[in-house]
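1. attaching a predicted model along with its sequence, questions to come.
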Amino acid sequence: MDRREMLKNLAILPVGGSLMSMSPLMASPDKNVAKGPLALDEDIYKSIGVVPIINCRGTFTIIGGSIERPEVHAAMAAASKNFVQYDELAFAIGERLSEITKAEFGIVTAGCAAAMKHGTAACVTGGNPEKLLRIPDLSGLDKTEVIIPRHSRNVYDHAVRNIGITVVEVDSMEELEKAINPKTAMIYLLANRSSSTGQPMSVEAIAKVAKKQSIPIMVDAAAENLSIPVVHFERGADMVAYSGGKAMCGPQCAGLLLGRKDLMLSAWQASSPHHGPGRDNKVGKEEMLGMLAAVEAWTTRDHEKEWDRWMEWLNLIAEKATKIKGVTHEITLPDGLNNRAPGLIVSWDPTQLNITGEEVAELFGRSEPRIAIGSGGKDGLTSINVTPSQMQDGEAKVVAKRLHDTLSKKRSTPDTSMAAAASDISGRWNVEMTFFSSKSTHHMMLEQDGNWLNGTHQSDFAEQDLYGTIEGDTIKIRSHFKKPGDSVVYMFTGKLKNGQISGEVFMGEYLTAQFTAKKWESKQRKQKISVPGGPPLAT
């Protein structure tokens, strides 16, 4: 999709929202859902006004991750009936995890991010409690730096940064070798294509250098299938962090850290219930045993049968959708351990069916039966995509019917004309941002070409390009703040009235803000300027 096409899509977004409801208080697409006492049955969510979702996206935390396995429920229920000393429990679980996974030891954490945080703390402190209690102020400590290849920078490395370390970013093996010094605590790697076997900065290549300097390597394998023995240890890693609530279908709020026993004991020391920087990452006895049950179950699950069921669901959806003239499909297969599930892409010409994949995904997400699906497009076609790993029995028929009904519906060609701009808003604008509990001043420099807007957005800590539209008095602007490990998308929707623009800002996972923009008017100063003929004679 080229830039102009993106602008068109921005222009036709509804004023009230895009990929999510613009109001954070609108938790449900149905305003009429009854709210009352909590119902402890299948209507538990609807009883408080929240409409559940058929999950065709996979293990995204923001929609619930995964459905916990029956063994996990049973373990958590059993664990809730007694008290236990947590260190004794952790050490027993660690030994059992070692038996199952062939790792030296393991601990259960409050999610994969907590596993990364505790693993980093272990490398910084070495199990010394006085060093632990200094975090995040690492002044005076000998290990204060973590090396991260650029290909592994991501929004989750906040868990590493939370310890207070200094990130040293490298982009080649030569840079990595130069970066290693006595302050290096650890090397962090994301399990992705760039760190895979055969790549210039693979785990193996980095391990050859790190081992010589006794630098631990931690691999973030959050969304991967658990391999036994763990493939990353065979490649040279010292610690591997997993999400409990993704492929393993354990407790959504649990994670798993496997690795060298000395590092695991230091990581457990940094974890709750022990006081210090990890006390806020509490994991309960129920989650600890639920996670162990998920690992146990992983070794006995019929993975081939699960795969066959997923394929059956995808084929059912594809078969019904492709009965519509012009609709095609493709089954995609994973080539690694990450998000290891087949996928379905259903494609069509948007000029023939008069609807785009993005519009279908938005419709499905905002009305019932509520379905979370992905969207995309290429080569002039638009598409939706389905990931079946967290779908439940009976849902494929619901998805297939709704997709068929939606795509087969007769629609007139959408009117893509744009109302003339009510005004020329070129120039500099001061933007007052009203967040949930604070205010901030941003600035925009706008250039207008008919309905199209371009320019720059100066947010709190950076300047980024913006683009958008003005139709009548309705203005929509998009900018994207990003730096290694961080990203915020700003989507402004507002009305021009009496020389100012007011409206709402959609910020993706960071929800919404309000804004009011006023044009900056420079003061007219008519005064000649006298330039000295030489250096100053006084200062």
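-> That came in fine, so what should we check first? Numbering: from 1, shown residues only.
2. outline the domain layout of the chain.
-> 52-64+303-408, 70-298, 427-519 (automatic domain parsing).
3. now do the contacts for Gln269.
-> Gln269 makes contact with 122, 125, 127, 129, 132, according to C-beta atoms under 8 Å, 6 or more residues apart in numbering. Placement of C-beta: from N, CA and C, glycine included.
4. got the phi and psi for it?
-> Here is the backbone geometry of Gln269 (degrees, to the nearest 10): phi -60, psi -40.
5. quick one: low-confidence parts of the stretch 251-400 of the chain?
-> Judged by pLDDT under 70, the stretch 251-400 of the chain has no weakly predicted residues.
6. number of nearby residues for Trp301?
-> Quick fix: residue 301 reads Arg, not Trp. Residues near Arg301, counting by other C-beta atoms under 10 Å, number 15.
7. quick one, what contacts it?
-> With the criterion set at C-beta under 8 Å, 6+ apart, Arg301 makes contact with nothing.
8. A strand includes it, no?
-> No. Under DSSP: H, G, I helix; E, B strand; the rest coil, Arg301 sits outside any strand and is assigned coil.
9. which residues does Tyr283 contact?
-> Not Tyr; residue 283 is Val. Applying C-beta under 8 Å, 6+ apart to Val283 gives the contacts 108-110, 114, 253-254, 271-272.
10. if we go to 7 Å?
-> For Val283, the contacting residues are 108-110, 254, 272, by C-beta atoms under 7 Å, 6 or more residues apart in numbering.
11. nearest to Leu344 among these?
-> Nearest to Leu344, judged by C-beta to C-beta, of these is Ala254 at 29.6 Å.
12. for the closest residue to that closest one other than its chain neighbours, grab the count of nearby residues.
-> Spatially, and ignoring its direct neighbours in sequence, Ala254 is nearest to Gly244 (3.4 Å; C-beta to C-beta, 6 or more residues apart in numbering). Neighbourhood size, Gly244 [other C-beta under 10 Å]: 32.
13. how about stretch 371-388: buried residues?
-> Across stretch 371-388, burial judged by 16 or more other C-beta atoms under 10 Å covers 371-375, 377, 381-388.
14. and if you look at stretch 509-527?
-> Residues of stretch 509-527 classed as buried by neighbour count (16+ other C-beta under 10 Å): 511-513, 515, 517.
15. circling back to that earlier point, could you list which of the contacts of Val283 belong to helices?
-> Judged by DSSP state H, helices contain none of these.
16. how about the residues you listed, which pair is most distant?
-> Once C-beta to C-beta is applied, these give Ala254 and Ser272 as the farthest pair, at 12.6 Å.
17. so for these two, which residue has more residues nearby?
-> The neighbour comparison of Ala254 against Ser272 (other C-beta under 10 Å) goes to Ala254, with 31 against 19.
18. that one contacts Met291, doesn't it?
-> Yes. With contacts counted by C-beta atoms under 7 Å, Ala254 reaches Met291, the gap being 4.3 Å.
19. now do the shared contacts for the two.
-> With C-beta under 7 Å, 6+ apart as the test, Ala254 and Met291 both reach 108, 244.
20. one step back: closest one of the contacts of Val283 to Ser202?
-> Thr109 (26.0 Å).
21. my guess is that closest one meets Leu257, correct?
-> Yes. With contact defined as C-beta under 7 Å, Thr109 counts as touching Leu257 (5.7 Å).
22. neighbour count winner among those two?
-> Neighbours per residue, other C-beta under 10 Å: of Thr109 and Leu257, the larger number sits with Thr109, 33 against 30.
23. one step back: which residues do Thr109 and Leu257 both contact?
-> Shared contacts of Thr109 and Leu257 (C-beta under 7 Å, 6+ apart): 115, 118.
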